[in-house]
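Trainee: Below is the sequence, then the predicted model.
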Amino acid sequence: MSADARSGGGLLGRIAARHPAAVIAVSVAAALGANLVLWLAGVALGGSFQFTEADGSLHTTTAPQGVITMTVLPMTAGLALATLLAAAGKRRAVLRSAQVVGAGAALATTAQTFTARFDTPSTIALTGMHLVIAALVLLALEALARREKPVAADPLTATPAVRP
């Protein structure tokens, strides 16, 4: 079985087999790109990305800077922490748990977009952004959980062996 098949195939699977840090970078970049497209779509559909404060005043978000910050920082930190914890212990168990926590956090914070009283296009775009992050966290951690670690070379074939 090829390393691509064992590591989940696809781009993230191929990257994870060699460079776990690259999985984080590719996943965060993909999420950021998708979230900026969703933000642009929200703006094009009339979204203001403003919400009403408790005192009734309008609060203007700092989009797209807020989109960039709220995509890159938590996702990078979470994926990096999961990767570091996985390296120190039971890799697959840690990464599977991180999938639940990471995707769950992204989905749970979606509720804030509804309670903040954004306009409809902004609410839809922001909800989509949370879904994008949840999906890419799952994919990145899946690629890392399935990646193969190289072990000593196989003396019969002179090729590096792999282990789960």
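Mentor: On my side now, so go ahead.
Trainee: Hmm, A29 and T76 touching each other?
Mentor: No: using C-beta atoms under 8 Å, T76 is not in contact with A29; the gap is 10.2 Å. Every C-beta, even on glycine, is put in place using the N, C-alpha and C of the backbone.
Trainee: what distance separates the host helix or strand of A30 from the centre of its chain?
Mentor: Element membership for A30, per DSSP states H and E: helix 20-44. Helix 20-44 sits 9 Å away from the centroid of its parent chain (C-alpha atoms, centre = their mean, to the nearest Å).
Trainee: residue contacts, the residue nearest to A21 when sequence neighbours are not counted?
Mentor: Excluding the flanking residues, the one nearest A21 by C-beta to C-beta, 6 or more residues apart in numbering is T83, at 7.6 Å. Contact analysis of T83 by C-beta atoms under 8 Å, 6 or more residues apart in numbering lists P20, A21, I24, L144.
Trainee: One more pass at 7 Å, please.
Mentor: P20, I24, L144 (C-beta atoms under 7 Å, 6 or more residues apart in numbering).
Trainee: coming back round to it: for the helix holding A30, buried residues please.
Mentor: Judged by neighbour count using 16 or more other C-beta atoms under 10 Å, the buried positions of helix 20-44 are 20, 23-24, 26-28, 30-32, 34-36, 38-39, 42-43.
Trainee: what about the spatially most central residue of the chain, which SS state?
Mentor: What sits nearest the mean C-alpha location of the chain, by C-alpha atoms, centre = their mean, is V137, with 3.2 Å. What DSSP: H, G, I helix; E, B strand; the rest coil gives for V137 is helix.
Trainee: So it sits against A105, correct?
Mentor: No: applying C-beta atoms under 7 Å, one finds V137 not in contact with A105, separated by 8.5 Å.
Trainee: From the contact counts, what lies against the strand or helix carrying L144?
Mentor: L144 is located in helix 120-146, with elements delineated by DSSP H and E. Judged by 3 or more C-beta pairs under 7 Å, 6 or more residues apart in numbering; DSSP states H and E, the packing partners of helix 120-146 are helix 10-16, helix 20-44, helix 65-88, helix 91-108, helix 111-115.
Trainee: Out of the buried residues of helix 20-44, the closest to I133 would be?
Mentor: A31 (5.4 Å; C-beta to C-beta).
Trainee: tell me the contacts of the closest one?
Mentor: T71, M75, V132, I133, L136.
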